[in-house]
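Trainee: Sequence first, predicted coordinates after that:
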Amino acid sequence: PASALSGDGLDITELVAAEDDRYGAVFEREHSQYYGLTKPWSLELDFSNIDADALRDASTLRLAITGWFWWADASVNMAAARHPTISFDVPTLWVPDATAPDGWRPTGPPIGFPAGKTKTQMIDVTDVLVRDDPRLKITSTLALSYDALRLAIDDDDAPYVDTPLAPITADVTWRGFSKPFRGTEGGPEIFDWDELDVARWNQHPGTYTRYGDVIPVLNDVDNQTVIFGAGDVVYASFDATALPELRDGWTRSYLVYFNGWAKDRDPNTVAAERVEPLPFHGMATYPPEQPYPSSPAIDAWRETYNTRPARVLRHSHPAVEQALLDIAAGATTD
């Protein structure tokens with residue numbers, strides 16, 4: 001953008017010009033009880049630096065939003081729902097309109113947000129952007145920090161070939177917790193894989209997938225899932241030598257496809273106390289009103305794999321915590 005200005009005049013144009021782990025944010029946080037939520041804010045983007053003819057003739061326009069969101073949990077949302085002035089307002093896109101009271105009109109439903117760690121959204125604004133006044137405004141009450149905000153005017157999406165690879169090995173085991181640290185200023189918390197930290201959560205009570213090989217469970221989307229909890233890890237490997245040779249001028253990207261669910265243990269999350277009830281494809285609601293699907297294969301999955309009790313990791317005594325950390329690091333087998 002030629003400029004990226006908040007409603008109160010804060011200029012973050014330089015910070016959002018490119019993906020460089022420098023983050024621009026224009027929000028004022030609410031009280032810590034409502035972490036993840038902010039006072040209402042707006043960000044105005046001006047794309048008048050784009051060639052006017054190219055902008056007018058573009059058949060496809062997409063807004064690329066790269067950023068991260070400080071996630072608000074269920075307790076925050078419940079508290080906000082009972083407060084008269086605090087709200088969970090998902091980002092909405094606005095365009096200039098001289099007939100609107102404040103010169104802007106909303107373009108439709110909220111556009112969502114890059115959930116959690118840094119991700120990129122692609123928002124189609126082909127029928128939204130005013131070509132002779134290429135400004136956009138984002139409004140929200142979420143703690144969103146932006147790494148880059150760009151308008152893509154090309155529609156020459158490259159052809160691609162999708163070649164799936166099944167894992168050749170997949171194992172579940174205990175690992176422990178990677179040590180967290182703050183990355184660049186304004187960026188999300190990240191983790192050091194090579195250094196373990198003290199245990200931060202107990203696993204949900206209940207039954208998990210037994211440790212060891214889980215290749216048969218990961219073959220298909222079939223309501224047979226690997227159930228693993230805080231401190232567990234799934235190691236998977238793939239044979240890239242089985243891929244076809246690249247055509248001239250082509251490059252290859254690797255994407256990992258996940259199909260599953262996550263359950264937190266927030267006291268205001270429904271059915272958060274235990275592993276069960278398990279979610280499944282085709283359920284109308286959660287917690288599901290109908291029983292978990294049953295078949296000989298699913299019954300065998302339950303009996304064969306779902307046999308490991310939850311670990312209790314956190315204790316009040318520091319020596320016990322350190323002993324668990326030493327075990328996770330392989331320093332002792334006692």
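Mentor: Perfect, I can see it now.
Trainee: in the protein, which helix or strand is least confident?
Mentor: helix 318-328 (a mean of 63; mean pLDDT, DSSP states H and E).
Trainee: which residues in the stretch 201-334 of the chain form strands?
Mentor: Using DSSP state E, counting those that start in this stretch, the strands of the stretch 201-334 of the chain run over residues 207-209, 212-213, 232-237, 306-309.
Trainee: Give the ranges of residues in the protein that sit below the confidence cut-off.
Mentor: 314-334 (pLDDT under 70).
Trainee: ok, 50 please
Mentor: 332-334 (pLDDT under 50).
Trainee: What sits closest to Pro134 if chain neighbours are left out?
Mentor: Phe47 (4.1 Å; CB to CB, 6 or more residues apart in numbering). Bear in mind the C-beta positions are built from the backbone N, C-alpha and C, glycine included.
Trainee: Burial check on that neighbour, number of neighbours?
Mentor: 21 (other CB atoms under 10 Å).
Trainee: same question, the one 4 residues further on
Mentor: The number of residues packed near Asp51 is 10, by other CB under 10 Å.
Trainee: Return the residues in contact with the spatially closest residue to Trp261 that is not a sequence neighbour.
Mentor: Nearest non-adjacent residue to Trp261, counting by CB to CB, 6+ apart: Pro279, 4.6 Å away. Applying CB atoms under 8 Å, 6 or more residues apart in numbering to Pro279 gives the contacts Trp261, Lys263, Tyr286, Pro288.
Trainee: give me phi/psi at the nearest residue to Ala58 once chain neighbours are set aside?
Mentor: Computed as CB to CB, 6+ apart, the closest residue to Ala58 that is not its neighbour in sequence is Ile153, at 4.2 Å. Dihedral angles phi and psi of Ile153 (degrees, to the nearest 10) take the values phi -110, psi 0.
Trainee: Name all residues that make contact with Ile153.
Mentor: Ile50, Ala54, Leu55, Ala58, Thr60, Leu61.
Trainee: do Phe181 as well
Mentor: Phe181 neighbours (CB under 8 Å, 6+ apart): Glu189, Ile190, Phe191, Asp192.
Trainee: Turn those into JSON lines, columns for distance to Pro134.
Mentor: Listed next are those as JSON lines, based on distance: CB to CB, whole Å:
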{"residue": "Glu189", "distance to Pro134": "35"}
{"residue": "Ile190", "distance to Pro134": "35"}
{"residue": "Phe191", "distance to Pro134": "39"}
{"residue": "Asp192", "distance to Pro134": "42"}
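Trainee: Going through those, which ones are buried?
Mentor: Among these, none counts as buried by neighbour count (16 or more other CB atoms under 10 Å).
Trainee: Among those, which are located in helices?
Mentor: Residues of these located in helices (DSSP state H): none.
Trainee: Now do the same contact list for Met122.
Mentor: With CB under 8 Å, 6+ apart, Met122 has these contacts: Arg62, Leu63, Ala64, Ile65, Ala152.
Trainee: now for those residues, which pair is the farthest apart?
Mentor: Ile65 and Ala152 (11.1 Å; CB to CB).
Trainee: Looking at those two, which one has more neighbours?
Mentor: Higher neighbour count among Ile65 and Ala152: Ile65, with 24 against 13, using other CB under 10 Å.
Trainee: What strand or helix carries the closest residue to that one other than its chain neighbours?
Mentor: Distances taken as CB to CB, 6+ apart place Gln121 nearest to Ile65, at 4.4 Å, with adjacent residues excluded. Following DSSP states H and E, the helix or strand that holds Gln121 is strand 119-124.
Trainee: And for Arg150, the neighbour number?
Mentor: Arg150 has 18 nearby residues by other CB under 10 Å.
Trainee: If we go by neighbour counts, what in the strand holding Gln121 is buried?
Mentor: Neighbour-count burial for strand 119-124 [16+ other CB under 10 Å]: Gln121, Ile123.
Trainee: after it comes which helix or strand?
Mentor: Strand 119-124 is succeeded, C-terminally, by strand 135-142 (DSSP H and E).
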